[in-house]
Every structure is written in C-alpha cells, then in structure tokens.
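**Student:** Provided below for reference: sequence and predicted model.
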Amino acid sequence: MGLALESLIPSPSPRTSAKESSLSLSLSGRRIAFTTPENYGNRLSRILQLRGATPLPVPTISVGPTASTLSSLRSFLLPSCSQLRGKGKGALDSFSALAFTSRTGISSFFLALSQTPLPYPPLTLSNDPFTVSALGTDAEALHQGDPSLLTLLCPDNPSRVRVLVPDIATPAGLVKSLGNGSGRKVLCPVPAVIGLNEPDIIPDFLANLESSGWVAVRVPAYETKWVGPQCADVLVELDGNLDAIVFTSTAEVEGLLKGLDAVEWNWEKVKQRWPRMVVAAHGPVTAEGVESFGLTVDVVGENFSSFDGVLDALSSRFQDQC
C-alpha cells in the first residue's frame, strides 16, 4: 500500500506457472509506468513482463526500516524492569493483537524481533489468545523464515497465536475483522512519513480501531520517504508512447507531483503529452487518494490483494478500446 501501501505484496518471485503463461499476452505491446517503491516494484515489473507489457519504473517514494524505526520496535519487544522482576510476563503480554497494514511492516517487525536478544519471548505461556492480522497475501510473510515471525512470538505455546486475514484487504476491512476491542490493546506497526504529507489512511485506521473499542498503540516500523526531485526524470525524458500509469499508494502521487514540479512540469503536461494514457489505481483506497490530488482515475483494481487485480482491470480497459 498506501503507505500505507494498499496491501502491496513484494513476495519472492515465483517460477512461471501455466496460469501466468496464459496471461502473457493480456497487455501485449503496452508500455506501463508505475510509481511503486523499488522493493515492491520489482515484483510488479515481472508480472507486467509476463503479460507482454514493457514496464517503466518511476519510483517516487522509498519504504523500509531504519535504525530509528527498528529501535522503536525493539522498545515493545524488550521487557520492562517490572516485567523482568516478575515471572512469566512477556513484553507483548499486555496486548491482545498485532495489526499489520503492509508487508513492509511485517518484514520490519520480523527484522527487529529476529535480531534482538530477548531474555524470553514477547508472548509467554498463557491461554490468552493473541491475534496477528495482515492484509491479503501479505499474510504469507508471517509464515516465512526459519523460525518465522509467528514462531518467534510465542515458541512455548504456538496455539496461542492466531492469524486473521480480512475478506477485504484494506485497513477498514482489518478493523472490521478484528471486531470489538472491549478495551484491549492492539499494536500497530505503521510507517513514519518523511518529506511528504501523511495520507489519511493510517490516522483513519487508528481512529477506526479506537471507535471499535480498541486501544490502538502506534509504533513507527519503517519510513516512507520521497526519493527526491529527480524521481520524475525518467517520465519527463521518455521518448515514445505511454499507455498507462499505475499508482499503488497515495504517497506515490504526491511524490510524483513534487518531482514534476522540480523540473517545471505538472500533471497537465503529462496528460498533454500522452492524452490516451490510462490512469490506474491499485484498489479503491488508493483511487480516493489519487483523486484527492486532482487526478482522474480511469481504472480501479477490484481485487487488490495482489497486483494482478489492477492489471486485470487495465487489460479489460484496453480490450474495450479495441
């Protein structure tokens, strides 16, 4: 997502399957730009190539953990002095849930957890259930690694931890799936936004959790940063046709507009150069964010648990134009 990014899935690139091969001509001959961060964009680029398209990466933001965010995460993983004096009390035992809004949040949390020497696990032996919630196929990352994040959380009682994946892969869907908090605490590893205005998605997510009876505790797990004034250069200098541009988070749009402004361009010039260019958004939350900057969205992915949803929508749009 965005950034939060909207259920983006930079999962390890799988081998080409028969299903992927059948999609290889759905965007044949199309040049598709996308503003996705590089660590997610590599996955999107590969899927575009499998569909016969020519990818044009135009990353406008970067996402990833920093020393500061890892330190913030560790503060929730290390037991307090009072917990150390007690017995059988883990650092996360006062929480009932852990809510991830992006795969980067999961990987950052795992990095902090796996690299921090702990006197005992964050969750100790107890019958109190603990919920870990993630969006769409982001949940796959919870099981990756040896040991995995789930195993590291509570190795003494793995059955204590349950994974919750909402039917609708949005932060609002996550809140709905968690249900009434009844005053319980939920830890929310979310991005710290640097050099950009924070989109409403995370503040709204936290507010919705509070409205549902949860005590939402925000922790900066990684940074979402503008990559700088040169980010739009590859787009401005493009010689040739551009069939579509894909936005996968709200922050990417602001980053692109700032990059265009840095070279004395604007969105109107982009549309003038490529008047038939289709603007696609990876899900309704991203679409709303894109349009908040005055851009018109032509295509919205209906299945936004993976990049295939927005590319399916693009394929349908181009087929209708034929």
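**Tutor:** That came through, no problem. Numbers count the residues shown, from 1 in each chain.
**Student:** how about stretch 233-245: buried residues?
**Tutor:** In terms of neighbour count (16 or more other Cβ atoms under 10 Å), stretch 233-245 has its buried residues at 235-236, 238, 242-245. Heads up, the C-betas are built off the backbone N, CA and C, glycines and all.
**Student:** could you give me the average pLDDT of it?
**Tutor:** Average pLDDT, stretch 233-245: 96.
**Student:** Can you name the residues in contact with that stretch?
**Tutor:** For stretch 233-245, contacts defined as Cβ atoms under 8 Å, 6 or more residues apart in numbering pick out 30-35, 56-58, 256, 259-260, 263, 265, 270, 273-274, 276-280, 299, 314, 318.
**Student:** got TSV for the buried residues of stretch 233-245, with distance to Lys89 too?
**Tutor:** Shown next, in TSV, are the buried residues of stretch 233-245 (distance: Cβ to Cβ, whole Å):
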residue	distance to Lys89
Leu235	53
Val236	57
Leu238	58
Leu242	57
Asp243	57
Ala244	53
Ile245	51
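**Student:** which one among those residues gets closest to Phe205?
**Tutor:** Proximity of these to Phe205, judged by Cβ to Cβ, is greatest for Ile245, which lies at 26.2 Å.
**Student:** Dump the C-alpha coordinates for the helix or strand encompassing that closest one into PDB.
**Tutor:** Using DSSP states H and E, the element containing Ile245 is strand 244-247. The C-alpha coordinates for strand 244-247 follow below in PDB (Å, rounded to 0.1, in the frame of the first residue of the first chain):
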ATOM      1  CA  ALA A 244      -0.900   3.700 -18.700                       C
ATOM      2  CA  ILE A 245       0.400   4.700 -15.300                       C
ATOM      3  CA  VAL A 246      -0.300   2.700 -12.200                       C
ATOM      4  CA  PHE A 247      -0.400   4.200  -8.700                       C
END
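**Student:** Any buried residues in the host helix or strand of Val253, and which?
**Tutor:** Val253 belongs to helix 250-262 when assigned by DSSP H and E. Of the residues in helix 250-262, 250-260 count as buried by neighbour count, 16+ other Cβ under 10 Å.
**Student:** what residues does that helix touch?
**Tutor:** Contacts of helix 250-262 (Cβ under 8 Å, 6+ apart): 2-3, 35-37, 58, 60-61, 193, 196-197, 199, 201, 224, 226-233, 235-236, 247, 266-267, 269-270, 285-286, 289-290, 292-293, 295.
**Student:** Quick check: next helix or strand after it?
**Tutor:** In N-to-C order, the element after helix 250-262 by DSSP H and E is helix 267-273.
**Student:** helices and strands around that next one, which ones?
**Tutor:** helix 250-262 (3 or more Cβ pairs under 8 Å, 6 or more residues apart in numbering; DSSP states H and E).
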